[in-house]
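S.K.: for reference, the sequence and a predicted model appear below.
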Amino acid sequence: MIENADRVVTLAGNGPVANAGWDDLGIIEHGSVAIAGETITAVGRAAAVREAVTVTGESCVIDARGRMVTPGFVDPHTHFLFAGNRAEEYGMRVEGVPYQKIREQGGGIRSTVRAFREATDDELADAGRARLSMMLRAGTTTVEGKSGYGLSMADEIRALRIIRKLGEEMPLSIVPTFLGAHDIPPEFDGDRAGYIDLLVHKMIPEASGLAVFCDVFCEQGYFDREESKRILLAGRDHGMIPKLHAEEFVPMGGGELAAEVGAVSADHLLVITDEGVAAMAKGGVIGVLLPGTTIGLASGRWADIEKFRRGGLPVALATDCNPGSSYTVSQAAVMSLACSLLKMTVPEAWAGVTRNAAAAIGLQERVGTLETGKNADCLVFSENHPAAVPYRFGQNLVDFVVRDGNLLPSFD
C-alpha cells in the first residue's frame, strides 16, 4: 500500500492521448494505491482505498505524505547494450564537425560496432546491467532495448540473447528489438544489396524468436524507403512488429512508411512533414521524440511539437540511450528538455513518458497508468507536483520504486 500521497497522478484512460492536458493526468488529491502481488487492486482517495482493502501487520505500507505517486517511467527507445563510448566524437561535434562527416572518418555507429564485436558476452552484459540499474534508480520500470551494434548474424543474435538474459535477471521489464538494419557493416561496403539479402533471408528468421519488434534506420546514407519497407515487411512476416527510426536528418517519407507497414511507432521525426504526421495519426502509429539526440549531436534542431498537435498525433518521449548521440538514462531529464526546449506542456511530457510510451511498445494494457488490474509499477517522488520533475532539471527526485508490486531496495 502507498497511502496518503499529496497527489496520485494516475494518467488513467484508454490508449494513447494526443495534446494531453491537466485533466488527462487523472490527479487524485490525498490519494492511495493498493497492491496485491504484482497488481494494482485499488486507486483513489486515501480513505476510500483504506475501506476497500485489508491491511495486515505483514503488509508493506509506504507513507507518501508530502509526496507524489506516479506510474513508473516507460522508455520506448534505447540502445543500452553497447561497448565503449564516443566521447571524443562529442568533442568534435561541439566544435562543428557534422555527424555524417564523423561517420565518413570511421566514427559513428561503425565505431561502436567494432567495440561491440571485440567485447565478450560478460563485458557486454555487465555494461548493460550497469546502465539498466541507473535507469531503474531514475524511475524507469519498463524499457525497450535494441540490438544493432553487431551487424553480423552471430553478433546480432548474441545481442538479443544478452538483452533477454538481462530481462530475466533485472528487476525491470525489457522489451527486445531487432535492429540489424542500423547501418551497413564494413565487410559489406560495395554490396549493400548482399547485406539486405542477409537481413531478410537469414538474420530476421533467426531473430524472430528473440525479438518483439523489427526496427530499421530509414535515413539518407543508411536504408532508403524501399529498402526499409522490404526489411520491415520481412520482419512482420516472421512475427515481429515494425517500428522505425525516421525523418531525423532528411525527409524520406518515413511517417507514411510507418503507417503503410503498420508500425507501432516511428521515432526521431525532426524533419517529418505534415503529410507524414497525418498518415501516422490515421494509421495509429505513435510518434516517439528523442530530444536528447539534439543535445548529443549538438545540432540545435528540435522536433516541431506544433506539427504533432495540429495533426492530433500521440507523442511519446524516450532517452535513446546510446553511446553516440544521447548518452543519458533519465526520462526525467528528457522531460526537462521536452518542456523547456520543445515547448511541450507538463501534461504532454508526463503522457510521453508513461501512457504514450507504453503504447509505443504495445504495452498500454499493462503499464503506463495507475489503474486497477494493471502492473504495480509505481514511483514515489519527494516533490508533490507534476511540474517539479521537469522543473528540477538534472535531479533525481525518486524516493521509492515499486516494480511488479515489489518495493526495490533503497538507493540513497
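M.R.: Sure, I can see it. Keep in mind it's a predicted model, so treat the numbers as computed, not measured.

S.K.: hey, let's count contacts and neighbours off CA atoms from now on
M.R.: Fine.

S.K.: what about residue 221, how many neighbours?
M.R.: When neighbours are defined as other CA atoms under 10 Å, residue 221 has 10 of them.

S.K.: these two touch, right, residue 300 and residue 294?
M.R.: Yes: the pair residue 300 and residue 294 passes the contact test of CA atoms under 8 Å, sitting 6.1 Å apart.

S.K.: ok, these two, which is more surrounded?
M.R.: The residue with more neighbours, out of residue 300 and residue 294, is residue 294; 17 against 9, by other CA under 10 Å.

S.K.: dump the stretch of helix or strand the more buried one belongs to to PDB, restricted to CA.
M.R.: Assigned by DSSP states H and E, residue 294 falls within helix 292-297. The C-alpha trace of helix 292-297 is given here as PDB (Å, rounded to 0.1, in the frame of the first residue of the first chain):
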ATOM      1  CA  GLY A 292      18.500  14.000 -26.000                       C
ATOM      2  CA  THR A 293      19.900  13.500 -29.500                       C
ATOM      3  CA  THR A 294      19.800  17.200 -30.200                       C
ATOM      4  CA  ILE A 295      22.000  17.700 -27.200                       C
ATOM      5  CA  GLY A 296      24.300  14.800 -28.000                       C
ATOM      6  CA  LEU A 297      24.600  15.800 -31.700                       C
END
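
S.K.: tell me what whichever helix or strand comes after that helix is packed against?
M.R.: Per DSSP H and E, the first helix or strand lying C-terminal to helix 292-297 is helix 305-311. The elements that helix 305-311 packs onto, with contact taken as 3 or more CA pairs under 8 Å, 6 or more residues apart in numbering; DSSP states H and E, are helix 274-283.

S.K.: quick one: the helices in the stretch 251-400 of the chain, in order.
M.R.: 254-261, 274-283, 292-297, 305-311, 331-340, 346-353, 355-359, 388-391 (DSSP state H, counting those that start in this stretch).

S.K.: what does the third one contact?
M.R.: Applying CA atoms under 8 Å, 6 or more residues apart in numbering, the set of residues contacting helix 292-297 from outside is 90, 93-94, 99, 300-302, 319-320, 324-328, 334, 337.

S.K.: then the shortest one?
M.R.: For helix 388-391, the surrounding residues in contact (CA under 8 Å, 6+ apart) are 332-333, 335-337, 339, 346, 383, 397.

S.K.: and of those residues, the nearest to residue 224?
M.R.: residue 337 (29.7 Å; CA to CA).

S.K.: and the closest one, how far from residue 281?
M.R.: According to CA to CA, to the nearest Å, residue 337 and residue 281 sit 24 Å apart.

S.K.: again with residue 395
M.R.: Taking CA to CA, one finds residue 395 at 34 Å from residue 281.

S.K.: of these two, who's got more company?
M.R.: Taking neighbours as other CA under 10 Å, residue 395 and residue 281 compare with residue 281 leading, 21 against 13.

S.K.: poorly predicted segments of the stretch 51-200 of the chain, please.
M.R.: Within the stretch 51-200 of the chain, the set of residues satisfying pLDDT under 70 is empty.

S.K.: at which residues are the helices of it located?
M.R.: Taking DSSP H, counting those that start in this stretch as the criterion, the stretch 51-200 of the chain carries its helices at 87-94, 99-104, 109-118, 121-137, 153-169, 192-198.

S.K.: turn those into CSV, columns for mean neighbour count.
M.R.: Converted to CSV, the helices of the stretch 51-200 of the chain look like this (neighbours: other CA atoms under 10 Å):
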stretch, mean neighbour count
helix 87-94, 16
helix 99-104, 14
helix 109-118, 20
helix 121-137, 18
helix 153-169, 19
helix 192-198, 16
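
S.K.: quick one: closest of those to residue 261.
M.R.: With CA to CA as the criterion, residue 261 lies closest to helix 192-198 of those, at 17.7 Å.

S.K.: any chance you could list what contacts the next helix or strand after that closest one?
M.R.: Using DSSP H and E, the next helix or strand after helix 192-198 towards the C-terminus is helix 204-207. Residues from elsewhere that reach helix 204-207, judged by CA under 8 Å, 6+ apart: 157, 160, 178, 234-235, 238.

S.K.: give the buried residues for helix 204-207.
M.R.: Under the neighbour-count criterion of 16 or more other CA atoms under 10 Å, helix 204-207 has 204-205, 207 buried.

S.K.: in contact with residue 281, which residues?
M.R.: Residue 281 neighbours (CA under 8 Å, 6+ apart): 311-314.

S.K.: ok, now with 7 Å
M.R.: 311-313 (CA atoms under 7 Å, 6 or more residues apart in numbering).

S.K.: closest to residue 34 out of the buried residues of helix 204-207?
M.R.: Using CA to CA, these come closest to residue 34 at residue 207, 39.1 Å.

S.K.: quick one on the thing from earlier: next, format the contacts of residue 281 as JSON lines and append distance to residue 364, neighbour count and pLDDT.
M.R.: Converted to JSON lines, the contacts of residue 281 look like this (distance: CA to CA, whole Å; neighbours: other CA atoms under 10 Å; pLDDT from 0 to 100):
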{"residue": "311", "distance to residue 364": "22", "neighbour count": "19", "pLDDT": "98"}
{"residue": "312", "distance to residue 364": "19", "neighbour count": "17", "pLDDT": "98"}
{"residue": "313", "distance to residue 364": "16", "neighbour count": "24", "pLDDT": "98"}
